[in-house]
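**Q** got a sequence here, can you build the structure:
(2 chains)
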Amino acid sequence: MLNLLYLLAAVSFIFALKMLSSPKTAVAGNLTGAVGMLVAIVATLYAGGVVDFPTVLAGLALGSLFGLLLALFTPMTAMPEMVGLLNGFGGAASALVASAELVRVHHTPEESLGMVAIIAIALSLLIGWVTFTGSMVAFLRLREWILGGRPTLFPGQHWLNLALFLASVVAAVFLVQKPEVGTPFYVLSALAAVLGVGLTIPIGGADMPVVICLLNSYSGMAACTTGFVLNNNGLIISGSLVGASGIILTNIMCKAMNRSFTNVLFGGFGATVQEVAA
Amino acid sequence: MESLVMMLTVFVLAVFVGFEVISKVPPLLHTPLMSGSNAISGVTVLGAIIATGAAITSGMKWLGFVAVVLAMTNVVGGFAVTHRMLGMFRRKK
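**A** Now for the predicted structure:
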């Protein structure tokens, strides 16, 4: 039953994305997506093995309130950074869900995680925190609270990012070998958070919407990995849907703005050259 | 193993649909589409609900609670922001 309702939600998400691509149907598409999400949430509340309803419902109510207030009181000109901020929240949520699952297994020694779930937890932490801090940098830069509009570049930046990424992979391998809330868990989370900042600061204010779009794709992938952690088809379908369509949209936006897709993907690779040329 | 193959099947097929579903998008709709799919990426709220609802320690409960709040902010804020943006385009025409 749960999976049937998830299928319904997934179909409505597919229609939502399709309809949002055309001016005539865009408004209806957005509403279709919202209805699909409502179906998925109600289905999860009904059949997702929820025991502690007060906490869950309080969280849903509080989140809805925050979301509405943010959406209603943000000036129209500040919309791109608002999307960035919200997207960061989604990424953080995925990382927190993975953390919670690690805590759960920590306290139920008789239950061990499968290899797939552990790898998915590591990926979820990595992608989730990169999405969160990356989105926060995008948000703060577009708000012009920090860094200003110009790219932040320094020598050896890409090597530093590469080193951060490789160190995260090493931490992830340690975590997979010893899946518990210990040093590898904290190190991986921290490295991913720093990597998110490192990947986003070389991008200037004008290119930020493209980066937000890419980070949006990441948060979809993060949701997808939590699906693998929790063995939840709804998350896997919707997450990978957003992850894949986000990459395509990023590519389309890059072309429209005459930017290199690889530049954005690897955190302003070659941005120095562009700056000199400009 | 069986369930892994099932999950991978779902994953791979959904990725293909994701690639196919976005084709020609007029530049005007780039930001709303991004915003709409951002709202959908808040689907991680389902995971947050499951984690919170089945929490066995207070630490897990708090992690889950924060995740539910953040993800739900993403969902509701995302759809509402998209709706506002689209409303603006409509008035302009």
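**Q** so which elements touch the helix or strand where A:Trp159 lies?
**A** Assigned by DSSP states H and E, A:Trp159 belongs to helix A:157-177. Based on contacts counted as 3 or more C-beta pairs under 8 Å, 6 or more residues apart in numbering or on different chains; DSSP states H and E, the elements that helix A:157-177 packs against are helix A:115-143, helix A:183-200. Just so you know, the C-beta spots here come from the backbone N, C-alpha and C atoms, and that holds for glycine as well.
**Q** and the shortest one, how far out from the chain's middle?
**A** Okay, so that is helix A:183-200. Remark: helix A:183-200 is offset 14 Å from the chain centroid, using C-alpha atoms, centre = their mean, to the nearest Å.
**Q** same question for the first one.
**A** Its chain's C-alpha centre and that of helix A:115-143 lie 6 Å apart, by C-alpha atoms, centre = their mean.
**Q** could you give the angle of whichever strand or helix holds A:Ala95 to helix A:115-143?
**A** Element membership of A:Ala95, judged by DSSP H and E, is helix A:79-107. If you take axes from the mean of the first three to the mean of the last three C-alpha atoms, to 10 degrees, helix A:79-107 sits at 150 degrees to helix A:115-143.
**Q** mean confidence score for helix A:79-107?
**A** For helix A:79-107, mean pLDDT is 90.
**Q** residue nearest the middle of chain A, spatially speaking?
**A** Most central in chain A under C-alpha atoms, centre = their mean is A:Ser219, positioned 1.7 Å from the mean C-alpha point.
**Q** what are the phi and psi angles of that residue?
**A** Here is the backbone geometry of A:Ser219 (degrees, to the nearest 10): phi -70, psi -30.
**Q** centroid-nearest residue for chain B?
**A** Taking C-alpha atoms, centre = their mean, the centroid of chain B lies closest to B:Ser41, which sits 1.9 Å from it.
**Q** tell me the confidence at that one?
**A** What the model reports for B:Ser41 is a pLDDT of 91.
**Q** kindly report the same for B:Lys92.
**A** pLDDT recorded at B:Lys92 is 52.
**Q** can you check A:Arg150 too?
**A** Looking at A:Arg150, its pLDDT stands at 69.
**Q** what residues of the helix holding A:Trp159 count as buried?
**A** Going by neighbour count (16 or more other C-beta atoms under 10 Å in any protein chain shown), the buried part of helix A:157-177 is A:Gln157, A:His158, A:Asn161, A:Leu164, A:Phe165, A:Ser168, A:Ala171, A:Ala172, A:Phe174, A:Leu175, A:Val176.
**Q** find the nearest non-adjacent residue to the first one, please.
**A** Put plainly, it is A:Gln157. Spatially, and ignoring its direct neighbours in sequence, A:Gln157 is nearest to A:Pro202 (6.1 Å; C-beta to C-beta, 6 or more residues apart in numbering or on different chains).
**Q** show me the shaky parts of chain B.
**A** Counting by pLDDT under 70, the ranges of chain B that qualify are B:1-2, B:90-93.
**Q** go with 80
**A** B:1-3, B:23-24, B:88-93 (pLDDT under 80).
**Q** the stretch 101-250 of chain A now?
**A** Across the stretch 101-250 of chain A, the ranges flagged by pLDDT under 80 are A:106-113, A:144-158, A:203-207.
**Q** circling back: look up how far B:Lys24 lies from the residue nearest to the centre of chain B.
**A** From B:Ser41 across to B:Lys24, the span is 22 Å (C-beta to C-beta, to the nearest Å).
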